[in-house]
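Peer 1: Need coordinates for the following:
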Amino acid sequence: MARVRLRSVLAAVGASALLLAACNGTETETATDETPTETDASEEAPEAPEAPEDGDEEAEAPAADGEPIRIGIITSTSGFLGTYGNAYLDGLEAGLDYATDGSGAVNGRPIEFEIVDDGGEPDQAISAAVDLVGQGITILAGAVSSGVAVQLAPFAEENELLFISGPAATDAVTGINQYTFRSGRQSYQDVAAAASLVDEIDGSTVVAFVQDSEFGSANIAAVDAVLGAEGANVEAVEVPLSATEFTPFVQQVADLDPDLVFVAWAGDTTPAMWETMEQQGIFENYTVTTGLGDVATWPLYGPAGPDILFLSHYYSTAPDNDVNSFLIDAVGADNVDLFTPDGFVAAQMIVQALSEADPEDVDGMISALEGWTFEAPKGTTTIRASDHAMLQPMFTASMLNIDDDPANIEVETVEILPPEATEPPEAG
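Peer 2: Now for the predicted structure:
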């Protein structure tokens, strides 16, 4: 096992909210504005060079003075999942910088992100999509909410757009149509990672404790598909998104006397949920596994933190590669978080698509992404051509201590699961 100590990895909720405060409407960001052109101060460029000679400075990249390529980013920067959307946007800018070698442009055309806050509401997301398409935009990305993603996917097909869903984990996005991709993981991969933590599945009782949402339903289906297929008796306890009192639902979990409790939760009710589970003795009496959430939530696991078996989509010190190092340096160790790489990967995909085809050639952009293998912050990643599943490493981890300051919490990486270990079955 490789032990890692996290250094001041605090979720920058307040800072991100201030940075992106204008995202309640539509905001344009041009990545080229902040990237200076490097020159060699020791030499003066000739007034009219004939051609570069051996030993001369490298020729500068063509100026990004072509017509901008505008990309629609529909994500959550406020509301229930706002923290996740802001982390995604941090990664998006860093990924664009990485994928374009700092130019922010493809083939001399600067990329501009038109960012719209959907508030986690599908109707609001569709309204934004209609507006962006009306402006001539052919690429949409960014969905954090699974409910938003499953609405934008058919919209993309109807309007023949390239859609790259973001952190939304629902399995329904994979294979839904040829126009839809994803830049994050899906629920099946979460559950497959959790399965690696459990010794005896056959004949056990597994309770999926989830929110009554698209995300929750996807996790129930994934638990049944993965653990149920291995012989587990899968039960579900679904909690309304509007709930603020969790004792009755936690009691339902205890009444089922489970061998394993699989928790899938998101949003700002997370602390109250964990507190209720602790008060009701769930951690003392049952084995609990869940996803390792965004860094700010780590202290909220309370004294039971070291007793939980964690699966992880990403935390900053889990991968050890140059791309992840670039991401951390670009965003800052204090800001990188659970869904920052999803934005980074989305930018890599956008640049790949536009490097191979014009933005008006949606079929060409789709072809450029299908079957593409590349190095991402999490490691080697492949977009499966048949259904656009994102095959990627996943992680399992344990929490060694608990502290009010997440920078002081130590996490031990139990296992780095290669892409094939959590590969979803082909959709359709």
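
Peer 1: count of residues packed around E200?
Peer 2: The local packing of E200 (other C-beta atoms under 10 Å) involves 11 other residues. (Each C-beta comes from the backbone N, C-alpha and C, glycine too.)

Peer 1: Same check on the one 4 residues further on?
Peer 2: Burial of S204 is recorded as 18 neighbouring residues (other C-beta under 10 Å).

Peer 1: which ones are touching it?
Peer 2: Residues in contact with S204, defined by C-beta atoms under 8 Å, 6 or more residues apart in numbering, are V198, G231, A232, N233, P258, D259, L260.

Peer 1: make it 7 Å
Peer 2: Contact partners of S204, counting by C-beta atoms under 7 Å, 6 or more residues apart in numbering, are A232, D259, L260.

Peer 1: Next: D342.
Peer 2: By C-beta under 7 Å, 6+ apart, the neighbours of D342 are Y88, G91, G166, P167, S183, G184.

Peer 1: can you give me the strands for the stretch 301-428 of the chain?
Peer 2: 309-312, 373-376, 379-383, 390-391, 394-399, 410-417 (DSSP state E, counting those that start in this stretch).

Peer 1: what is the mean pLDDT for the last one?
Peer 2: Average pLDDT, strand 410-417: 92.

Peer 1: And for the second one?
Peer 2: On average, the pLDDT along strand 373-376 is 98.

Peer 1: for stretch 216-227, same thing?
Peer 2: Stretch 216-227 carries an average pLDDT of 90.

Peer 1: now could you export just the CA positions of it as PDB?
Peer 2: Taking Å, rounded to 0.1, in the frame of the first residue of the first chain, the C-alpha atoms of stretch 216-227 are listed here in PDB:
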ATOM      1  CA  GLY A 216     -29.600   7.600  -6.800                       C
ATOM      2  CA  SER A 217     -31.500   5.400  -9.300                       C
ATOM      3  CA  ALA A 218     -28.300   5.000 -11.300                       C
ATOM      4  CA  ASN A 219     -26.500   3.800  -8.300                       C
ATOM      5  CA  ILE A 220     -29.200   1.300  -7.300                       C
ATOM      6  CA  ALA A 221     -29.100  -0.100 -10.800                       C
ATOM      7  CA  ALA A 222     -25.400  -0.300 -10.700                       C
ATOM      8  CA  VAL A 223     -25.300  -2.100  -7.400                       C
ATOM      9  CA  ASP A 224     -27.800  -4.600  -8.700                       C
ATOM     10  CA  ALA A 225     -25.900  -5.000 -11.900                       C
ATOM     11  CA  VAL A 226     -22.500  -5.500 -10.200                       C
ATOM     12  CA  LEU A 227     -23.100  -7.000  -6.800                       C
END
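
Peer 1: picking up where we left off before, quick one: which of the contacts of S204 sit in strands?
Peer 2: Among the contacts of S204, the members falling in strands (DSSP state E) are L260.

Peer 1: tally of neighbours for the nearest residue to E370 once chain neighbours are set aside?
Peer 2: Leaving aside its sequence neighbours, E370 sits nearest to A385 (C-beta to C-beta, 6 or more residues apart in numbering; 4.1 Å). For A385, the count of nearby residues is 13 (other C-beta under 10 Å).

Peer 1: wait, isn't A385 in contact with G371?
Peer 2: Yes - if you go by C-beta atoms under 7 Å, A385 and G371 touch, sitting 3.9 Å apart.

Peer 1: if we can go back for a sec, quick check: the gap between the residue nearest to E370 and V414.
Peer 2: 32 Å (C-beta to C-beta, to the nearest Å).

Peer 1: what does L327 give?
Peer 2: Counting by C-beta to C-beta, the gap from L327 to V414 is 22 Å.

Peer 1: quick revisit: ok, which of the strands of the stretch 301-428 of the chain comes nearest A333?
Peer 2: strand 410-417 (14.4 Å; C-beta to C-beta).

Peer 1: Direction included, what does that closest one pair up with?
Peer 2: strand 2-5 (antiparallel), strand 394-399 (antiparallel) (DSSP bridges).

Peer 1: ok, back up a step: between L327 and V414, which is the more surrounded one?
Peer 2: L327 (29 against 18).

Peer 1: In this protein, mark out all the helices, start to finish.
Peer 2: Ranges of helices in the chain, per DSSP state H, are 13-19, 82-99, 122-134, 146-159, 187-195, 214-226, 247-255, 270-279, 282-285, 322-331, 340-356, 362-369.
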